[in-house]
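Student: structure of the sequence below:
(one chain, ligands or ions: 1)
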Amino acid sequence: MSKLGEIAVNSINNGDCIELLKKLPDNSIDLIFADPPYNLQLNQDLYRPNNTKVDAVNDQWDKFDSFKEYDSFCKKWLAECNRVLKPTGTIWVIGSYHNIFRVGTIIQDIGYWILNDIVWVKTNPMPNFKGTRFNNAHETLIWASKSKNSKYTFHYHSMKCMNDDLQMRSDWLIPICQGEERVRVNGQKAHSTQKPAELLFRIILSSSNVGDVVLDPFFGSGTTGAVAKRLGRNYIGFEKEKFYTEVAESRISKVIPLSKELLEYKIEKKKPKVPFGSLIEKGYIKIGENVFSKDKKFSATVNADASLCVGEEIGSIHKMSAFLLKKTNHNGWDYWFVNRDNSLLSIDYLRKLYEEKYLNPSVDNALFTEKTYSRLNESSSNFLVS
Ligand SMILES: C[S@@+](CC[C@H](N)C(=O)[O-])C[C@H]1O[C@@H](n2cnc3c(N)ncnc32)[C@H](O)[C@@H]1O
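Tutor: Okay, the predicted model is just below:
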């Protein structure tokens with residue numbers, strides 16, 4: 001069994017997640033799903049009109065003395081999660097109105113970048129028995145990348161395919177966990193807040209790859225581990241109640257992974273690579289103009305054949321960036337910038353604009369607005385004569 005730091009991959013670890021997270025190395029986890037205590041603050045039992053007791057979350061693990069104590073707890077585990085998350089990874093945190101707004105603020109304060117909030121609409125919610133409020137029929141999931149500019153995993157086309165070729169929306173209609181799916185021990189629910197496997201299926205499928213490591217710091221009955229294993233991912237679970245770790249162990253041991261063949265993302269399109277020369281041909285970069293290093297310390301002149309000149313040296317964007325950095329190889333797309341409206345614009349950004357306009361024009365979720373196009377076209381028109 002392989003290890004990440006002191007923690008074995010595909011293991012359930014009994015203990016406090018803040019302490020256990022410290023045993024994982026920096027940048028080692030591909031995906032995190034966290035279903036932390038809600039801090040429901042239920043002070044008394046809840047009864048139905050027929051006097052039967054409602055099976056609400058009144059567990060010891062959900063008790064905090066104050067919002068301050070809850071916030072301090074969340075700051076600690078969310079900061080540790082940020083440290084262990086790979087730059088390409090993302091975190092999902094689920095919560096209700098009791099905690100999700102506090103968690104959202106902390107997530108932003110730590111430096112994560114929120115990508116979406118997903119509303120899990122429960123198709124069969126528990127009624128509001130007292131009839132004093134609206135029926136609370138949803139929970140919210142925050143999906144965030146490690147930081148603002150992270151390049152994260154997202155299988156857009158697969159999600160669209162799952163949704164009958166319509167872009168997958170941020171409201172997910174999924175029933176709460178019930179019937180056969182509910183894990184029971186001696187006829188009793190093993191865990192009061194077992195999440196539906198369907199929810200984890202969508203999360204893991206959309207934002208991770210086969211072979212990735214999925215971490216759940218509040219493992220409970222092990223829903224994350226069970227779905228991760230089924231989908232050919234690895235898992236790591238932290239759970240402070242011994243009883244739940246045993247429930248999860250037994251649940252996951254029965255899961256049979258799907259074959260690799262069935263898990264391939266065949267529908268995700270591999271975009272053809274845009275060469276630097278195409279940017280020149282389409283006028284995004286002018287022949288004879290200068291390109292710059294980010295700190296503007298170095299510049300190079302662009303030739304008609306897409307080579308760059310620095311003094312006597314000539315080569316491709318890659319070769320010239322490696323030359324200036326005194327390296328054998330370097331990715332020139334990350335190194336060179338052009339001057340537009342007195343600010344530096346990455347050539348990689350220009351490449352994305354090119355892709356968006358010429359290789360993926362029908363995309364229904366256009367990354368760049370018409371305004372951006374026209375601004376660029378203005379600055380790039382007549383490149384052969386100017
Ligand atoms: C909302 S439940 C998670 C349920 C889980 N998603 C499932 O589908 O079964 C939260 C879990 O976190 C555990 N827990 C609470 N505080 C913890 C801590 N500091 N470290 C590790 N586990 C903790 C609780 O025992 C509980 O099982």
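Student: mind pulling up the pLDDT for Thr372?
Tutor: With respect to pLDDT, Thr372 has a value of 51.
Student: what ranges does this structure have for its helices?
Tutor: 17-21, 67-84, 100-110, 156-162, 197-207, 223-230, 242-253, 260-263, 276-281, 317-325, 347-354, 370-380 (DSSP state H).
Student: lowest average pLDDT across those helices?
Tutor: Taking the mean pLDDT of the helices of the chain, helix 370-380 comes last: a mean of 47.
Student: picking up where we left off before, can the helices of the chain go into TSV with extra columns for distance to the ligand and mean neighbour count?
Tutor: No exception for glycine: its C-beta is placed from N, CA and C like everyone else's. Below are the helices of the chain laid out as TSV (distance: least, Cβ to the nearest ligand atom, whole Å; neighbours: other Cβ atoms under 10 Å):
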stretch	distance to the ligand	mean neighbour count
helix 17-21	4	19
helix 67-84	7	18
helix 100-110	13	16
helix 156-162	21	16
helix 197-207	8	21
helix 223-230	3	26
helix 242-253	5	18
helix 260-263	22	11
helix 276-281	47	18
helix 317-325	44	19
helix 347-354	37	18
helix 370-380	41	13
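Student: Asn27 is nearest to which of those?
Tutor: Nearest of these to Asn27, taken as Cβ to Cβ: helix 67-84 at 7.2 Å.
Student: now the closest one and helix 100-110, what's the angle there?
Tutor: 50 degrees (axes from the mean of the first three to the mean of the last three Cα atoms, to 10 degrees).
Student: just the CA trace of helix 67-84, in CSV.
Tutor: Taking C-alpha atoms only, helix 67-84 is exported to CSV below (Å, rounded to 0.1, in the frame of the first residue of the first chain):
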residue,chain,number,x,y,z
PHE,A,67,-20.0,30.4,16.5
LYS,A,68,-16.5,31.5,17.5
GLU,A,69,-15.5,28.0,18.4
TYR,A,70,-17.0,26.6,15.2
ASP,A,71,-15.2,29.2,13.1
SER,A,72,-11.9,28.5,14.8
PHE,A,73,-12.3,24.8,14.1
CYS,A,74,-13.2,25.4,10.4
LYS,A,75,-10.3,27.8,9.9
LYS,A,76,-7.9,25.1,11.1
TRP,A,77,-9.1,22.2,8.9
LEU,A,78,-9.7,24.4,5.8
ALA,A,79,-6.2,25.8,6.0
GLU,A,80,-4.7,22.3,6.3
CYS,A,81,-6.8,21.2,3.4
ASN,A,82,-5.5,24.1,1.3
ARG,A,83,-1.9,23.1,2.2
VAL,A,84,-2.4,19.4,1.2
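Student: which strands or helices does that helix pack on?
Tutor: Packed against helix 67-84 by the contact rule (3 or more Cβ pairs under 8 Å, 6 or more residues apart in numbering; DSSP states H and E) you find helix 17-21, strand 29-34, strand 85-95, helix 100-110.
Student: quick one on the thing from earlier: now the helices of the chain as a markdown table including distance to Ile91?
Tutor: Compiled in a markdown table, these are given as follows (distance: least, Cβ to Cβ, whole Å):
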| stretch | distance to Ile91 |
| --- | --- |
| helix 17-21 | 12 |
| helix 67-84 | 6 |
| helix 100-110 | 8 |
| helix 156-162 | 18 |
| helix 197-207 | 9 |
| helix 223-230 | 12 |
| helix 242-253 | 20 |
| helix 260-263 | 22 |
| helix 276-281 | 35 |
| helix 317-325 | 33 |
| helix 347-354 | 25 |
| helix 370-380 | 30 |
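Student: for those, which one sits closest to Ala304?
Tutor: The closest of the helices of the chain to Ala304 is helix 276-281. By Cβ to Cβ, the value is 7.5 Å.
Student: who does that closest one touch, helix- and strand-wise?
Tutor: Counting by 3+ Cβ pairs under 8 Å, 6+ apart, helix 276-281 packs on helix 347-354.
Student: before we move on, back to that, between the helices of the chain, which one is closest to Phe129.
Tutor: helix 100-110 (22.6 Å).
Student: counting neighbours, what do you get for the residue of the stretch 201-350 of the chain found nearest the ligand?
Tutor: Proximity of the stretch 201-350 of the chain to the ligand (Cβ to the nearest ligand atom) peaks at Gly220, 2.6 Å away. Residues near Gly220, counting by other Cβ atoms under 10 Å, number 24.
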